[in-house]
Structures are given as C-alpha cells and as structure tokens.
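[1] turn this into a structure:
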Amino acid sequence: MRPSLTHYVSRYERGTFALAIAGPYALIVVAATVYVEIATRQPDSQGLEALVLFAVTSPLSELLMFLPLGLPSPLIPSLPFTAAGLFQAWLIWLIARGRRTRTTADGDLRPEL
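    Alright, predicted model coming up:
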C-alpha cells in the first residue's frame, strides 16, 4: 500500500503549512497558463493576456524576458514561464516545510539533527 500525501507531508515540521502555501500557488500557475493559452488563441486577442502569466510567475519570469523572441512554435513561449512558476512553488515548499522529523520509540515526533 502506498503512503498518502498526508503521510508524506507530516514527515516535516511544517509540512502541512508548506503544502497549504505551495500547492495553491502551483495551481494558480497552471490555471494562469491554461487561461493564457486559451485567451491568446482567440481571434481578437492582442496577446496582452500573457501579462497574467508574467505577473503570476514573477520574479523568476523577469529573468526569462532575456530569452530570444523568435521561437519556432507558439506553445514554446509559455513553457518556460510555467516551468519557472512550478520551480518557484517547489522552492516555496522546500523553504516552508522545515526540517524532517523522526518518530521516537514512544511515538513522539522530533526534528532530525
């Protein structure tokens, strides 16, 4: 039997707190990507919808602005921004989760040193 997400998250001091922050942020990044991909393919779109994805994935997306603009596929420009946003969600998870805990003989949790 595979352990649940709750079991994995509870191995850290602030695992549920970190999941409560990083999880919704990752969902917001994915939702913004879907919105931008749908909205920019509409006939009357001028492409300004992409600013939503740029704002959601900031500050790392500001570094991505230095990439060349002449990319061959229209799908490629949104992929680096989505990857940057998911990378930031992972960093938030790493920073907010705290140390890993271990179980003592009497069942108490204490941080590993």
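[2] how about stretch 86-97: buried residues?
    86, 88-89, 92-93, 96-97 (16 or more other C-beta atoms under 10 Å). Where you see a C-beta, it was placed from the backbone N, CA and C, and this is true even at glycine.
[3] backbone phi and psi for residue 101, please?
    phi -100, psi 160 (degrees, to the nearest 10).
[4] isn't it right up against residue 11?
    Yes - judged on C-beta atoms under 8 Å, residue 101 makes contact with residue 11 at a distance of 6.2 Å.
[5] restricted to strands, list the buried residues of stretch 86-97.
    Of those, none are assigned to strands by DSSP state E.
[6] can you redo those as JSON lines with pLDDT and distance to residue 57?
    Listed next are those as JSON lines, based on pLDDT from 0 to 100; distance: C-beta to C-beta, whole Å:
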{"residue": "86", "pLDDT": "95", "distance to residue 57": "9"}
{"residue": "88", "pLDDT": "95", "distance to residue 57": "7"}
{"residue": "89", "pLDDT": "95", "distance to residue 57": "10"}
{"residue": "92", "pLDDT": "93", "distance to residue 57": "12"}
{"residue": "93", "pLDDT": "89", "distance to residue 57": "16"}
{"residue": "96", "pLDDT": "90", "distance to residue 57": "18"}
{"residue": "97", "pLDDT": "87", "distance to residue 57": "21"}
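[7] and the residues you listed, which is closest to residue 58?
    Set against residue 58, the nearest of these by C-beta to C-beta is residue 88 (9.1 Å).
[8] how about the contacts made by that closest one?
    Residue 88 sits next to 25, 29, 57, 60 when contact means C-beta atoms under 8 Å, 6 or more residues apart in numbering.
[9] how close does it sit to residue 68?
    23 Å (C-beta to C-beta, to the nearest Å).
[10] same check, this time on residue 54
    Following C-beta to C-beta, the distance that separates residue 54 from residue 68 is 17 Å.
[11] those two: which has the busier surroundings?
    The residue with more neighbours, out of residue 54 and residue 68, is residue 54; 15 against 5, by other C-beta atoms under 10 Å.
[12] so where does the closest residue to that one other than its chain neighbours fall, helix or strand?
    The shortest distance from residue 54 to any non-neighbouring residue, by C-beta to C-beta, 6 or more residues apart in numbering, is to residue 61 (5.2 Å). Using DSSP states H and E, residue 61 maps to helix 60-64.
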